[in-house]
Structure formats: structure tokens, C-alpha cells
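>>> This is a predicted model, with the sequence first.
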Amino acid sequence: MPKENPFDANSGVAFPVLSAEQIRRLRSYAVVQDVAVGDIVFRAGDETYDLIVIERGAVDLIRAATHDAPEEVVVRHGPGRFIGELSLLTGQAVYLTGLVVQAGRIHRIPPAQFRRLMAEDAELSDILLRAFLARRELLRNNSAARVVEIVGSRLSAASLELRTFAARLRLTHLYIEADSIAGQALMLAVQVETGDLPVVITPGKVMRRATAEIMARELGLSYRRAANQKVDLAVIGAGPAGLAAAVYGASEGLATVLFDMVGPGGQAAASSRIENYLGFPTGISGTDLTGKAIVQALKFGAQLSAPCGVTELDVDTGVIRLALTDGTSLESRAVIICTGARYRSLPLPHWEKFQGAGIYYAATELEAKWCAGKPVTVVGGANSAGQAALYLASRGNAVNLVVRGADLAADMSRYLVDRLAAEPLVAIHTATEVSGLQGQTHLAAVEITERESGIRTLIECAGLFCFIGAVPATTWLNGLALDSEGFILTDSDLDPSELGGSWSSLGRRPLPFETSIPGVFAAGDVRKGSMKRVAAAVGEGASAVQSVHASIGFHV
């Protein structure tokens, strides 16, 4: 018999009991099925599953035995309850098995009908979404998380990359440090060595030297093109601009796909706290903000694939064809490029050696936990750097904020400048640069140099958080007009000489946010002239969709 899990199945949000009227409405989307004890309604590893509403009987959700834990019942669902969680929206493969333990009757709502339900019934859609989100958080913080075990090292950039991907997609998983007692025991049980790290373990499979791409493929999160799939809008990049474009495109009836090379969230997901975003007076973390936006886009029917990028845009045939990093391709009526910009690295010896082992480009709980209570350094003079410094100070770290410019207020919001000045754990070094790195396997100290005097100081540093510059992610683009720094030129910034013959046949100038290629748009940090703020990126992504409608209208 499976071990029982002390899972709280009485949470009203996560496990609501539906009314007779709500069940009646759900039945209109469903196929009825009588079930007997021992029937399997879905099995771990299945590519997809149905939303299941229980009229009579009971179903146990069971986590399979792992190398370090026995099989267990995660939760039991009875009459008036429904079975399903966030994976119904993300398309993730099934990771629990549904076993009938009391005969009765269920109603199955297949994926296509589930999409209809989410679009047509606002009340039921809200109930389902709230339950899905609550269930995912319960699963992530419960022994059910053992369905995916990641064994890695805090000194490994590859391990951090894998954990970041899992965190951004809110995947149900358990991370185990390789040098812990549990990690050593698990590595011995699955016969892996330090050179195999990071390792991802699922029931029946061990993935050595795992990457986000490998894990996504195994979990069913890779891009899967449906037969005869028609795409109206392809959004490249899932930061705030891309997520907004996906939400507005999908909600307005466009068949929308969303791609990201790393994981959704962009630079915003690296922000521990955003306090000047409309509607959140007490602030919100970048991860929470973008996480909610992901669910919102999926709710409206957008298809998210990550990690999956676009390597080339081909418009020679008169249609827009996208070549994807997995070797496949698709055609879309319009494209919005939202690939954003990445933070620069510093041209210092040993920089690459310490990336992921003391040098980080985000300040979230994942990175901060390895520096708990120790001195850290934040480099940068814009809002992201200020937010990172305050977050790290709130966790008890002594923070050295190193700013190349002489005036902190030049590029940082006033509220952050004032708060940093009032924070006793933050020391601000203006007109100063990081000039050296020291450490063995992990960063231990940094050298800073005052630009005017040339005075050098060595300071203890368990973590260097880098938030400098902005390099647009446009090196993959060919044939698109860019400025001298690589940012994409759009609409009024385009010189007539940069517009090819295809524009003459259209008889129009580029629309707002449209690039030098008809039907290809750009929004957010990747676009020349953008404001480089989360709220501005969201506005651009949403506004670009309006231009997409107009562009498609020209071709109808």
C-alpha cells in the first residue's frame, strides 16, 4: 500500500467542493465515464490528461516510488471535487498517477474542451485557476516534489541555470545539494559521479549533465507543433513585453505562441522587489509578477515553449518563417521580437570561472541563499542594482554598492536612492569600479578602485551581483535595421533608405513598433528608444498587438 501523505486536502482555495450548479455547467464540456476500483484515470508519464470532475467515488493521486522515498498518496479526491493543476495549462507531462479507490462516476473534460471552458465561463475559470495555482505551490513544498529531483552544486553555473529555469516555470521539483548527506546517498543510488552534475532524476530516468533543454524535453515542455497548426502571432522573448504581447494577442483571438531561450520572466524575474509598478503599493517580486503573467497568457490559450529560441527569421518567400533552436520551424502571420537586453560582464581575469560560483546576474532567493549573512557587492547604478542591494541587506548581508558614475540619482529612481542612503547595511561607493576578483573555487574577495584617486581596496565578497549596461539580444537577426549599438529600429526611427521594395507594394509606412520588415515588430528593451522599465515594456508589448491586428488586416 502506498504511504499516505499529510497533504492538506481541506484548503478551500486549493480543493474547493463544487456546487450542483457548477458541476452541471462543467458536464456540458465533458464525457461521462463509470469507473471501478483499480481503474487508472491517468498515469505518470502520459503526455496529456483531462480535467476530471468526480460525481461519485474517490480517486487517489499517487507519486511513484523514487530511489530515496517510497510510493505515496499525495491526495484523495472525492465527490464534488475536480482533478487537475497547472500542468493542464502548461502542457507538462503527467507526473502523478490517478487511481480509482472507490467506484463511481467521473466526467472527463478533454484539453480542447477545457480551453473552451476557460474562455467561456468566467466563474469556473476563476475557481480552476485559483485552485491550480494553490495546488502547484502545495506540491512544490510537499514530498510530492520528489517527482523531479535535481542534484547539483552551489559552485556550478550549470546547476544554477537549471534551478533558475525550474523556479521561473514553478516546476514541482526538489533540489538536493550534491555534497549533502542526502545528495551523496542519492548519487550512489542512481550511480552518478560529480562529473555528471547537474543530474535530473525522474521516476525511471536519470539525466546526466542535464540542461534546461534536456529537462524540458523530458517533462513535455518543449515546443510541440500540432498538425496543421496555424499561428497568427509568434512572440520571441518572454520578459514583461513578450508576456504582455502574448496575453493581449491570445485574449484578442490570435493564435499565439511564445518562445524564450532561458525561461519566462526576462530581467524582471531577476528583481527581488519592484515597488513602482502600478497596482502594487507594497511592491511585488519580479518572479511573482511575471509568474502571474505566464498563467494569464496560458489561460487565454497562448502556447509557451521554453527553453526554445528562434535562430532565424526568413521572409524571402513572402511569409514569415521562424527557425527554432530545436531544428524545427513554423510560419506565422506576424512576429513581435521581445528578446530584451542582457547585463554586461566585466572584462576581468577569472570572471567566467566565478560565474555561478559567486558572480550572479540576479538577486533572488536562489542566488542570495549561498551568501547568507556574508558581505556581498552589487555593481550598477540603475534601479535593478538598487533593488538588489536593498533585498540583500534585508537578508542581513553587508552590501557594498559600486557605481561607476559620480551621482547615484543619475539613473536610479529617487525612492531607491533615499532608501539606500537610509540603509545602514549598504555602503555606497560612487565613481568607483570593480577591478579584480579573488578566490579559489568560489569568489572570496573583490578589489575596487576609486576612479579619480586610483586608490585600490580589497573587500571581502561572497557574492558579486552584476547589473551593469544593456546589450540587446539581436546578434541572431539578419536583414533587420539596427542602430549602432544593436537595438532594433522601429516606425519613425526608420529612414526611408532602410525600407525595402516590399513596402512599396504595401503602399504604407511601418506601423507603430513595426521594424524594417513588414509584419515583424519589436517591443521592450530590445527596441531603440524604449524606456527600460517594466511598466513601459508591458505597455509596448500590449500596444504592439494593436499594430499586429492592423498589419494582418492589410493582408486579409
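On my side now, so go ahead.
>>> Can you pull the poorly scored residue ranges out of the stretch 251-400 of the chain?
Regions of the stretch 251-400 of the chain meeting the criterion pLDDT under 70 cover residues 317-318.
>>> any chance you could map the helices in it?
Secondary structure of the stretch 251-400 of the chain (DSSP state H, counting those that start in this stretch): helices located at 286-299, 351-354, 365-368, 383-394.
>>> Now mean neighbour count and distance to residue 16 too, for these, in TSV please.
Heads up, the C-betas are built off the backbone N, CA and C, glycines and all. Listed next are these as TSV, based on neighbours: other Cβ atoms under 10 Å; distance: least, Cβ to Cβ, whole Å:
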stretch	mean neighbour count	distance to residue 16
helix 286-299	21	18
helix 351-354	16	48
helix 365-368	19	30
helix 383-394	24	35
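>>> got a markdown table for the ones you listed, with distance to residue 243 too?
Written out in a markdown table, the entries for the helices of the stretch 251-400 of the chain read as follows (distance: least, Cβ to Cβ, whole Å):
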| stretch | distance to residue 243 |
| --- | --- |
| helix 286-299 | 4 |
| helix 351-354 | 30 |
| helix 365-368 | 20 |
| helix 383-394 | 18 |
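>>> Okay, and the closest residue to residue 511 other than its chain neighbours sits in which element?
The shortest distance from residue 511 to any residue that is not its chain neighbour, by Cβ to Cβ, 6 or more residues apart in numbering, is 4.1 Å, and that residue is residue 547. For residue 547, the enclosing helix or strand under DSSP states H and E is helix 534-555.
>>> ok, and for that helix, which residues are buried?
Burial within helix 534-555, assessed by neighbour count using 16 or more other Cβ atoms under 10 Å, is assigned to 534, 536-545, 547-549, 551.
>>> And the pLDDT at the residue nearest to residue 511?
Reading off the per-residue confidence, residue 547 sits at a pLDDT of 97.
>>> Which residues are in contact with it?
Residues in contact with residue 547, defined by Cβ atoms under 8 Å, 6 or more residues apart in numbering, are 511-514, 521.
>>> Return the closest of the residues you listed with respect to residue 406.
When these are compared for distance to residue 406 (Cβ to Cβ), residue 513 wins out at 35.6 Å.
>>> In contact with the closest one: list those residues for me.
Shown in contact with residue 513 (Cβ under 8 Å, 6+ apart): 336, 490-491, 521-523, 527, 540, 543-544, 547.
>>> Okay, it and residue 107: tell me how far apart.
Look at residue 513 and residue 107: by Cβ to Cβ, to the nearest Å, they are 44 Å apart.
>>> ditto for residue 53
Taking Cβ to Cβ as the measure, residue 53 falls 4 Å from residue 107.
>>> Give me the more crowded residue out of those two.
It is residue 53, of residue 53 and residue 107, that has more neighbours when counted by other Cβ atoms under 10 Å, with 25 against 20.
>>> Phi, psi for that one please.
With angles defined as degrees, to the nearest 10, residue 53 shows backbone torsions of phi -110, psi 130.
>>> where along the stretch 51-200 of the chain do the helices fall?
In the stretch 51-200 of the chain, the segments counted as helices under DSSP H, counting those that start in this stretch are 87-90, 111-120, 122-140, 157-168, 181-190.
>>> Now distance to residue 418 and mean neighbour count too, for those helices, in CSV please.
Formatted as CSV, the helices of the stretch 51-200 of the chain follow (distance: least, Cβ to Cβ, whole Å; neighbours: other Cβ atoms under 10 Å):
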stretch, distance to residue 418, mean neighbour count
helix 87-90, 41, 22
helix 111-120, 44, 16
helix 122-140, 34, 18
helix 157-168, 31, 22
helix 181-190, 44, 15
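>>> can I get those in CSV with distance to residue 252 and mean pLDDT?
Below are the helices of the stretch 51-200 of the chain laid out as CSV (distance: least, Cβ to Cβ, whole Å; pLDDT from 0 to 100):
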stretch, distance to residue 252, mean pLDDT
helix 87-90, 19, 94
helix 111-120, 12, 94
helix 122-140, 17, 95
helix 157-168, 26, 92
helix 181-190, 47, 96
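>>> Strands along the stretch 351-500 of the chain, start to end?
Secondary structure of the stretch 351-500 of the chain (DSSP state E, counting those that start in this stretch): strands at 359-360, 376-379, 399-402, 426-429, 432-439, 443-450, 456-460, 463-466, 471-472.
>>> Would you mark the buried spots in the fifth one?
Of the residues in strand 432-439, those buried by neighbour count under the rule 16+ other Cβ under 10 Å are 432-435, 437, 439.
>>> Give me the angle between that strand and strand 443-450.
Using axes from the mean of the first three to the mean of the last three Cα atoms, to 10 degrees, the inter-axis angle of strand 432-439 relative to strand 443-450 is 150 degrees.
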